[in-house]
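1. pasting the sequence and the predicted model now:
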Amino acid sequence: MPTLAPPTLTYHLTCDDTHGWAAVYRTGGTGLEFLGFQRLDEATLRMVRTNPDTSRDEDGMLRCTLTV
């Protein structure tokens, strides 16, 4: 019997790294699903800032996509 891998989850963050808050979205069957706001600790903020897929828009917010 084959082993099934869990589905890949993709999260999208829009982050105010000055104050440490992020809006978190998940890609789902109906498109982007808003999960809520999350306070990020310093280690997570460092990971978001150094992620090669992170970009800073003209509004100053960091945006990135994380796949787990």
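-> Looks like it arrived, so ask away. Numbers count the residues shown, from 1 in each chain.
2. got any ranges where the protein has weak pLDDT?
-> Applying pLDDT under 70 to the chain picks out residues 1.
3. just the helices in it please.
-> Here the chain has its helices, by DSSP state H, at 42-50.
4. mind listing the strands for it?
-> 10-16, 21-28, 31-39, 55-56, 62-67 (DSSP state E).
5. out of these, flag the one nearest Pro2.
-> Nearest to Pro2 among the strands of the chain is strand 62-67; the distance by C-beta to C-beta comes to 22.6 Å. Any C-beta I mention is one placed from the backbone N, CA and C, and that applies to glycine too.
6. just the strands of the chain: most buried one?
-> For those, the largest average neighbour count (mean count of other C-beta atoms under 10 Å) is found in strand 10-16, namely a mean of 17.
7. quick one, that one and strand 31-39 angle?
-> 50 degrees (axes from the mean of the first three to the mean of the last three C-alpha atoms, to 10 degrees).
8. show me what strand 10-16 packs onto, helices and strands only.
-> strand 21-28, helix 42-50, strand 62-67 (3 or more C-beta pairs under 8 Å, 6 or more residues apart in numbering; DSSP states H and E).
9. mind listing what's buried in the longest one?
-> Under the neighbour-count criterion of 16 or more other C-beta atoms under 10 Å, helix 42-50 has 45, 48 buried.
10. contacts for it, please.
-> 13, 15, 17, 20, 22, 40, 54, 62, 64 (C-beta atoms under 8 Å, 6 or more residues apart in numbering).
11. 7 Å - rerun?
-> 13, 15, 17, 20, 54, 62, 64 (C-beta atoms under 7 Å, 6 or more residues apart in numbering).
12. what's the angle between it and strand 62-67?
-> Going by the same axes, to 10 degrees, helix 42-50 makes 100 degrees with strand 62-67.
13. and helix 42-50, how far out from the chain middle?
-> 11 Å (C-alpha atoms, centre = their mean, to the nearest Å).
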